[in-house]
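S.K.: give the three-dimensional model of this entry:
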Amino acid sequence: SYVFKDKSALAACVHLAQEFDISAEEIVHGIDTLKETREDTSNEVTIAQIESKAFRDVLVKQCSNKSQPRTATKRHLPLRASLSEREQQQFQPTPKRQATAAAGTPGARHKTSLAASTPTGAAHQLTPNGRATPATSSKYAARTNSRQVASVLNDSVPPLNQLANAGGAACSIQIMGPQMAPVGKHLYMVEPLEAKVHAMDERISDWCDALKAALPKGEADNVNKLSVGDAAQDPVWVVGRVILEGGGEGEQQVLLEGGLEGSEGERVRLDLSALTSTTQGPPCRVFPGQVVAVHGTNPTGECILARRLCTHLPAPAPAAVCDQACSMVVAAGPFTPGDEFTYAPLDDLLQYCSDKQPDVVVLLGPFVDAQHPAVESGNIFATFEGLFQEEVLKRLVAWGARHPHARIALVPSTRDAHHAPVFPTPSFVLPPTLRTTAAAAGVAAAAAPTPTQQTERSGEAGAGPALGTQGQALMCLQNPCTFAAGGGLVAGACSSDILKALAGSEQAKGGGPGQDRLGALASHILGQRSFFPVYPAPPGTCLDLSAASFLTPACTPHLLLLASDLAPFAKMVAPQPPQPTSQQQQQQQQPPYSQSPAQPSQSPAQQQSPEQQQQQQPAQQPSIASAPAQVVCVNPGRLAKGGSGGTFAHVHVHSGQAPVPQRCRVEIVRV
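M.R.: Below is the predicted model:
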């Protein structure tokens, strides 16, 4: 960050920017080059340096190479951020330069608009050169399908047209499960190798315990009795992690890696041909990192011949009863169009919320998208933290002050340029100035817990709410998270694109036609008891396995909110769908997993012992009795897609004693 000795040096920079038609970033780049040439390590800039012939020669050389792509861009522009409002107005374009820019000069092609940092929305924009221009919106403003309902889940259930708890107390949000420590403790790519091994082995151990609890006692005793590499002529249950090796899609070999206890991490080939040869049952879906239970034989100790595959063992249902009505609006970022840096989609979403009066507004990041063209190119002349506070938080605080009955929940993303790029992601920490502003507006903003409180809460799931529960209009949640809203409606939310990661790594074979791919992908999150069961994670995920315990949901939620680039949808998903079995097992077993048919009477000599009868009975399907039959899974889509508008979701849950999926209506609405 440079310091100007006097304002004449700053005025000279403004004059040179106008003369050469370059941005403030290029002025800073020129100062960098000049100081490197002169081996000047100070951060002071004098008028003599700016008016020197050497500095002018540097700018001339930059302009001659302007068409060549740069190898690096700067994300923070301290020169532009240091200008006052009066000094920013000195960058006004002349009529001649406006005509040149309209004709499509190279400089004009690199200009990206930026909304002025005002909480009520900008009436003008700032180009990268800092020039104020009237706010114009291309594709987004020209859209004609605003508030059009794209799809509806449970169309027979009427919407909640007014405040669900009208006349009652304001809605509350209670966070479930352990909470992460503040930003700084969990960092990407610094977890030790032992932490990765421990996290993966812990999942296998937990899955083994869940399998034993789901099977009858006779079957549970045989779980992991042998190593995955031990020869077994009789069918046994083994638990391990799926690994895909080999060539491209459809040619990868499926391996099963056992846990450290019992198998010492040994890997063997997993033969699923008996499960994929039939078209009557469900398809066999596997992906890397998936923990499965296999019932089969291993004649040689080198390959397991699977007769039954268990891929889903969901967590129990919420203990609390959801019997009250709740209206929830869910939107996922980015909240700015790709061709301009304005928060018009967020303004339109808040206006919709003002008209529909929801109880809860859940906003999933990114809020300052690191993948936005203006951010990637460095054409943002303000700090990312400042953009988040001025453009996002102040809007939400002002809206919350006008709607004290509603609650706003913010879930961060690894794509947030102003936040820690690590997954799981700790919650935002509101600045003290905003807390003061929120308190003055009558909004109780959530305060970040102290490290001592974080340590006390991070021991076990269900350790209690973090960031408070009731009476807070603006709450910051971690990513992923599980929370209860209103009268016991439990929701799980994740802003990382797990659906896209699963779609790119899953292999599905067998099964009949007409399979629901999106619903099957979402069911993996519930059945695997993890918000991100894929390993290794795709590039850009920033997965930190030392914090893998925060990926486990506190329970199987009523509502699963997943932000994804895939097509937006709202579906009923079974946390424990039918599992793939071999054709021989299907013939031996009667649905729904009943006992074998009665046999003719036998003489005492022909009668078998209970142990022999148990060995001849087909293996039963593991089942979690306390898991819900269905979960409402929602991908709201992105609020802004490219330069045009996207979609969001509006969830209506009516009061009653029936299961939540039966009295829930979900609308996918275009912004």
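
S.K.: from Ser626, how far out is Pro316?
M.R.: 4 Å (CB to CB, to the nearest Å). The C-beta positions use only the backbone N, C-alpha and C, and glycine is treated the same way.

S.K.: okay, now the unreliable bits of the stretch 551-671 of the chain?
M.R.: 581-621, 623-625 (pLDDT under 70).

S.K.: just the strands from it, written as ranges.
M.R.: Under the criterion DSSP state E, counting those that start in this stretch, the stretch 551-671 of the chain contains strands at 559-562, 569-573, 631-635, 640-641, 644-645, 647-653, 664-670.

S.K.: swap in the stretch 151-300 of the chain?
M.R.: Using DSSP E, counting those that start in this stretch, strands in the stretch 151-300 of the chain cover 173-176, 232-246, 252-258, 267-271, 284-286, 291-298.

S.K.: counting by contacts, list what the fourth one packs against.
M.R.: Spelled out, it's strand 267-271. Applying 3 or more CB pairs under 8 Å, 6 or more residues apart in numbering; DSSP states H and E, we find strand 267-271 packed against strand 252-258, strand 303-310.

S.K.: mind redoing it with 10 Å?
M.R.: With contacts taken as 3 or more CB pairs under 10 Å, 6 or more residues apart in numbering; DSSP states H and E, strand 267-271 sits against strand 232-246, strand 252-258, strand 291-298, strand 303-310.

S.K.: most packed of the ones you listed?
M.R.: strand 291-298 (a mean of 24; mean count of other CB atoms under 10 Å).

S.K.: and that one with strand 267-271, angle?
M.R.: Counting by axes from the mean of the first three to the mean of the last three CA atoms, to 10 degrees, strand 291-298 lies at 80 degrees to strand 267-271.

S.K.: let's see strand 291-298 as PDB, backbone CA atoms only.
M.R.: Provided in PDB are the C-alpha atoms of strand 291-298 (Å, rounded to 0.1, in the frame of the first residue of the first chain):
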ATOM      1  CA  VAL A 291     -18.400 -46.400   2.800                       C
ATOM      2  CA  VAL A 292     -20.300 -49.600   2.100                       C
ATOM      3  CA  ALA A 293     -21.200 -52.900   3.700                       C
ATOM      4  CA  VAL A 294     -20.800 -55.900   1.500                       C
ATOM      5  CA  HIS A 295     -22.300 -59.300   2.100                       C
ATOM      6  CA  GLY A 296     -20.500 -61.900  -0.100                       C
ATOM      7  CA  THR A 297     -17.800 -64.500  -0.400                       C
ATOM      8  CA  ASN A 298     -14.000 -64.200  -1.000                       C
END
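
S.K.: so what strands line up beside it?
M.R.: Using DSSP bridges, strand 291-298 pairs in its sheet with strand 232-246 (antiparallel), strand 303-310 (antiparallel).

S.K.: pretty sure His186 sits against Phe423.
M.R.: Yes: between His186 and Phe423 there is a contact under CB atoms under 10 Å: 9.2 Å.

S.K.: what's the overlap in contacts for these two?
M.R.: Asp544, Ala547, Phe550 (CB atoms under 10 Å, 6 or more residues apart in numbering).

S.K.: burial of the second one, as a residue count?
M.R.: What that stands for is Ala547. 24 (other CB atoms under 10 Å).

S.K.: mind checking pLDDT for it?
M.R.: Ala547 carries a pLDDT value of 91.

S.K.: which residues of the chain score low on pLDDT?
M.R.: In the chain (pLDDT under 70), the answer is 1, 66-137, 162-170, 184, 247-251, 277-281, 433-472, 511-514, 581-621, 623-625.

S.K.: list the buried residues for the longest helix seen in it?
M.R.: When the chain is parsed with DSSP state H, its longest helix is helix 193-214. Residues of helix 193-214 classed as buried by neighbour count (16 or more other CB atoms under 10 Å): 196, 199-208, 210-212, 214.

S.K.: which one of those sits closest to Val397?
M.R.: When the buried residues of helix 193-214 are ranked by distance to Val397 (CB to CB), Ala199 comes first, at 37.7 Å.

S.K.: coming back round to it: please produce TSV containing the strands paired with strand 291-298, extended by distance to Arg638.
M.R.: Shown next, in TSV, are the strands paired with strand 291-298 (distance: least, CB to CB, whole Å):
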stretch	distance to Arg638
strand 232-246	29
strand 303-310	35
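
S.K.: go through those strands and name the closest to Ala501.
M.R.: strand 232-246 (13.6 Å).
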